[in-house]
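In: would you be able to build a 3D model of this:
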Amino acid sequence: MDIDELRVEQLFADFGRSKIVIIGDLMLDRYLIGDVQRISPEAPVPVVEIRDETLRLGGAANVALNIKRLGDEPVLLGVYGHDSESNMFNSLLESRGIDFSNIVVDDNRPTTVKTRIIASNQQVVRADDELVGPVSEQVEKKLIDNFKACLADISSVIISDYGKGVITPGLLEEIIRLCRKKDIFVAVDPKDVNFRSYRDVSVITPNHHEAGFAYGRKIRTDDDLQEVGRGLLDELNAQSILITRGAEGMALFEKEGQVTYLNTVARRVFDVTGAGDTVIAAFTSAVASGASLPEAAFISNQAAGMVVEELGTAQVSRFELFSQIKRYLKGEASGKIVSLERLLALKPQWKDKKVVFTNGVFDLLHYGHIKLLTDCKKLGDILIVGLNSDRSVHRIKGPERPIIPYTDRSRVLAALEAVDYVIPFDDETPLELIKNIKPDILAKGADYAISEIVGAEQVKNNGGKVVRVKLQPGLSTTEIINRIVANSES
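Out: The predicted model follows:
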């Protein structure tokens, strides 16, 4: 599929201008994270010593959070119970700026909670507290009434069906009817039980297992994929169907007969939880910004490749996705240049790994820099480089610096094998980064005394070490610049 940087810039300029309704099953994802040191004497099962607990928005709420992070305004509709978990749910939504006034409280259902116990970055067990079954006619009517009240200025609707009972055939029929009447884009993340009810929608996004099951043919070959994709498209009278295929990427089938294949872009798959939520959110936001269906599939494929590298339900911001796509189009899809938020989301993967942090301007990269970074990487397993932004460099070194802008400096650093992540900072020092990242080792050139190294006290207080790395004599950016100036004047 042909898409260039200019087109990407045009599309992302219009991200964040749309109001999108998300209706579906709401879930609270609870993660209990710990370590296994022994087997229980009561049964042959591991004993997980819990050291951390995390609550996250799941199901349709995670779709809404994805929409929010992409810059658009989510309008969330769903059902939860009259219980303490719904209060937690509201707190999470409120903290992320998502309105929950259209959610219906059902006294006869608990809030769906999925508890996952994680040990050594692996899920040991999952426990679900939920009631599966259609909501009552009264609750269904409230949802439809709330949906009608939101119709005035929305661009799109996402139906997030996890098969828990919120998306009933009657609700589906009414939503699709109203949207067709107003020419509103309808995207569906399906479940098997309702598949034949997703008729006349704009896009449906099953994975290959769901699509094969719904059509009655397992997808093993490209011929299978073609038959299932085209067959479902005809059966449902849909405008398009986007089949996600895990490590095989995606395939988009359009009503006019066009098929677009997209290879996966993930560097490594860590956790696929919530990846489908990201796919449908990014696809819908892209269409709302003016993307064609193949362009929207390309953008959603890039987003999915980012979130599967993180533990649990995850999201990408508009800026992160835009930056990743630009890197991809330039052949620089390393995923190494990250924001602090994304870096912290990746942090659960680093258990039992030693994290090294160093920082600098790295203007006019030379052998001394490369040797420094190589030696820093030898101190641990993961090397994070804090890189002064252009504004930061201006304040420290004057208006003529940096010689090389941040965009190019970050790309050069990301190309180095020793560097795992590059993260920018606008302050004069990386102190806030160090406080948030909490590295095991803080490394800095030996021309600094320990007392002069920013963040040294914080790292040592956290149980980490500060290491002064030997520098190559006679090599510095300032000296190189001075030689260039002297030679130009002679």
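In: and residue 55, that one's in a helix?
Out: No - in this structure, residue 55 is strand, not part of a helix, as judged by DSSP: H, G, I helix; E, B strand; the rest coil.
In: got a pLDDT number for it?
Out: pLDDT, residue 55: 92.
In: what about it, how many neighbours?
Out: Other residues near residue 55 number 15, with proximity taken as other Cβ atoms under 10 Å. The C-beta positions use only the backbone N, C-alpha and C, and glycine is treated the same way.
In: so what's it up against?
Out: 28, 29, 30, 31, 88, 92 (Cβ atoms under 8 Å, 6 or more residues apart in numbering).
In: if we use 10 Å, what do you get?
Out: 28, 29, 30, 31, 85, 88, 89, 91, 92, 113 (Cβ atoms under 10 Å, 6 or more residues apart in numbering).
In: ok, which pair from those is furthest apart?
Out: Spatially, the most separated pair among the contacts of residue 55 is 31 and 91, at 16.5 Å (Cβ to Cβ).
In: show me which of the contacts of residue 55 are buried.
Out: 28, 29, 30, 31, 85, 89, 92, 113 (16 or more other Cβ atoms under 10 Å).
In: those in strands, which ones?
Out: Counting by DSSP state E, the part of these found in strands is 28, 29, 30, 31, 113.
In: what's near enough to touch the last one?
Out: With Cβ under 10 Å, 6+ apart as the criterion, the residues that contact residue 113 are 27-30, 55, 58, 80-81, 83, 85, 88-89, 127-130.
In: distance of the residue lying closest to residue 377 once chain neighbours are set aside relative to residue 404?
Out: Once flanking residues are discounted, residue 377 sits nearest to residue 418: 4.0 Å by Cβ to Cβ, 6 or more residues apart in numbering. Distance from residue 418 to residue 404, counting by Cβ to Cβ, to the nearest Å: 19 Å.
In: all strands of the stretch 201-350 of the chain, in order?
Out: Taking DSSP state E, counting those that start in this stretch as the test, the strands found in the stretch 201-350 of the chain are 203-204, 240-244, 250-254, 259-262.
In: which regions of the stretch 201-350 of the chain lie under the pLDDT threshold?
Out: In the predicted model, the stretch 201-350 of the chain carries pLDDT under 70 at residues 265-274, 308-314, 330-335, 349.
In: make TSV from the buried ones among the contacts of residue 55 and add pLDDT and distance to residue 252 to it.
Out: Listed next are these as TSV, based on pLDDT from 0 to 100; distance: Cβ to Cβ, whole Å:
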residue	pLDDT	distance to residue 252
28	95	32
29	92	29
30	94	35
31	91	33
85	95	37
89	95	33
92	95	33
113	96	34
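In: nearest to residue 289 among those residues?
Out: Closest approach between the buried ones among the contacts of residue 55 and residue 289, by Cβ to Cβ: residue 92, at 26.6 Å.
In: residues contacting that closest one?
Out: Residues near residue 92 by Cβ under 10 Å, 6+ apart: 28, 29, 55, 56, 57, 61, 65, 98, 100.
In: from these, which two are the most distant?
Out: Spanning the widest gap among these are 29 and 100, at 16.6 Å by Cβ to Cβ.
In: about what we covered before: what is the nearest of the contacts of residue 113 to residue 205?
Out: Lowest distance from residue 205 to the contacts of residue 113 (Cβ to Cβ) belongs to residue 58, with 17.2 Å.
In: what's the burial count for the closest one?
Out: 25.
In: measure how buried the spatially closest residue to it that is not a sequence neighbour is and give me the count.
Out: Leaving out its chain neighbours, the residue that sits closest to residue 58 by Cβ to Cβ, 6+ apart is residue 27, at 3.5 Å. When neighbours are defined as other Cβ under 10 Å, residue 27 has 26 of them.
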